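Participant: Okay, structure incoming, though there's no sequence with it:
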């Protein structure tokens, strides 16, 4: 199977099938990224993300990671959509405002287990930028340069923000439940719950 950058090179050389393969490979991940944050607008924003890729495919080759570039594009589309809801007179900071505070509607998919329910609600209470870091790291399994590219930040900054995000995630969980054991099991097996949340469609 060709890797993403090989497919991108073939697509730029005129191989439409390579472009279609890239879309099929990443469509579900990008759709899930939006669906858990902005509900009914997820499909439109997914299409906008891939349309941006089509427009900019000649410049994507400079990216270290195609997936990192794609999620950076999706993240910017999300922020544009959230800002547009607030209007031009409202300053919105993704490092301080959460989806829960803004009232954004997530997917209606219901987490089946208590750990999943706790994690979904705690994530929504994080500042959106920190929520995205946790999701890309644990759900999309992004690491190092790829994660830094998706967030458009230096790797050192990403590491410090991920630590801050996990600290705040624990705080939000403790605000949501008095069950210390539930918080502990959720955090100790975060990758598993994150994967199950993705499979459930959040």
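Facilitator: Perfect, thanks for sending it. Because the structure is a prediction, the values reported are computed rather than measured.
Participant: how about residue 25, phi and psi?
Facilitator: phi -70, psi -40 (degrees, to the nearest 10).
Participant: before we move on, what about residue 153?
Facilitator: phi -140, psi 160.
Participant: wait, isn't it in contact with residue 161?
Facilitator: Yes: at 7.4 Å, residue 153 counts as touching residue 161 under the criterion of C-beta atoms under 8 Å. Using the backbone N, CA and C atoms, a C-beta is placed for each residue, glycine as well.
Participant: Show me the shaky parts of the chain.
Facilitator: Flagging of the chain using pLDDT under 70 yields the residue ranges 1-2, 61-63, 88-90, 101-112, 197-202.
Participant: hmm, 50 instead?
Facilitator: Within the chain, the ranges that satisfy pLDDT under 50 run 1, 105-111.
Participant: any chance you could map the helices in it?
Facilitator: Ranges of helices within the chain are 4-12, 16-38, 42-56, 66-86, 99-102, 114-124, 128-138, 144-151, 155-176, 180-188, 190-200, based on DSSP state H.
Participant: Run the chain-centre distance for stretch 15-23.
Facilitator: 23 Å (C-alpha atoms, centre = their mean, to the nearest Å).
Participant: ugh, typo on my part, it should be stretch 21-35
Facilitator: Using C-alpha atoms, centre = their mean, the offset of stretch 21-35 from its chain centre is 11 Å.
Participant: list the buried ones in it?
Facilitator: Buried residues in stretch 21-35, counted by 16 or more other C-beta atoms under 10 Å: 21-22, 25-26, 29-35.
Participant: Then stretch 113-128?
Facilitator: Buried residues in stretch 113-128 (16+ other C-beta under 10 Å): 115-128.
Participant: From the chain's centroid, how far away is it?
Facilitator: 14 Å.
Participant: related to what we said a few turns ago, most tightly surrounded among the helices of the chain?
Facilitator: Highest mean neighbour count among the helices of the chain (mean count of other C-beta atoms under 10 Å): helix 128-138, with a mean of 23.
Participant: Show the backbone phi and psi for residue 154.
Facilitator: The phi/psi pair for residue 154 (degrees, to the nearest 10) is phi -60, psi 150.
Participant: and it, how many neighbours does it have?
Facilitator: Residues within reach of residue 154, counting by other C-beta atoms under 10 Å, total 10.
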